[in-house]
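Trainee: give me a 3D structure for the following:
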Amino acid sequence: TAEHALALGLGGGSLIAVLFVWWLWRSRGENTQPIQRAKAEAKPQIATVPTLAQLTAWPTNRVRGVVAALFENAGYKARLRPSGGEANLELLRPNMSEPVVLICCLPGAAGMAGPRVVRELFAGLVSSGVDAGWVISPGGFSSEARAEATDRGITLINGEELIERLAKVPPEALFRVLAGGDE
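Mentor: Residues are numbered from 1 along each chain as shown. Below is the predicted model:
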């Protein structure tokens, strides 16, 4: 009869509609899990201070970029200088146009820096009229370089000292500082 067919059609259609809604609800939960996982992975990662072994593997551009970001975090304005000179980075005080510090950043693989680097930086200081100079060498310094730096008033920063400075950076800024070397 027609009434029987109508009741069977409505009942079957309702059952199909309920199953379809259940399937949509269940698949929606499965689809949001990858989104939630992606959001969790997209959160800023906490940076860790590099080890001495990691520092000594860095090329010059990475050392220079991290040093620039480190001192910008401390309130300086850093300006990269062309490679090949006695200094490859200069620091300026805010609202000043002339550098107050010239920095020579060496790659970690260069090993211990010798007195020649110190003498070349000192020559650059004299020709630029800048009073302060720093040499940053993750591989350390020879005793001759240390003596030359003492005589010339140049600050030497080895890998351990650079790590100490990085360890003093607040955790929320460390990620940005370490990203400064990704040029």
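Trainee: for the protein, what spans make up the helices?
Mentor: Here the chain has its helices, by DSSP state H, at 2-42, 52-56, 60-73, 115-128, 143-152, 159-167, 171-179.
Trainee: from residue 151, how far out is residue 85?
Mentor: To residue 151, residue 85 is 22 Å away according to Cβ to Cβ, to the nearest Å. Every C-beta, even on glycine, is put in place using the N, C-alpha and C of the backbone.
Trainee: thinking again about what came up before, winner for burial among the helices of the chain?
Mentor: helix 60-73 (a mean of 22; mean count of other Cβ atoms under 10 Å).
Trainee: now tell me what touches that helix from outside.
Mentor: 55, 58, 78, 80, 83, 88-89, 91, 103, 105-108, 136, 138, 162, 165-166, 169, 173, 176-183 (Cβ atoms under 8 Å, 6 or more residues apart in numbering).
Trainee: off-centre distance for it?
Mentor: What separates the centre of helix 60-73 from the centre of its chain is 8 Å, taken as Cα atoms, centre = their mean, to the nearest Å.
Trainee: what average pLDDT does that helix get?
Mentor: The pLDDT scores in helix 60-73 average 87.
Trainee: run the angle between it and helix 159-167 for me.
Mentor: 40 degrees (axes from the mean of the first three to the mean of the last three Cα atoms, to 10 degrees).
Trainee: tell me what angle helix 60-73 forms with helix 171-179.
Mentor: Using the same axes, to 10 degrees, helix 60-73 lies at 150 degrees relative to helix 171-179.
Trainee: which stretches of the protein have low pLDDT?
Mentor: Residue ranges of the chain with pLDDT under 70: 25, 27-47, 83-84, 180-183.
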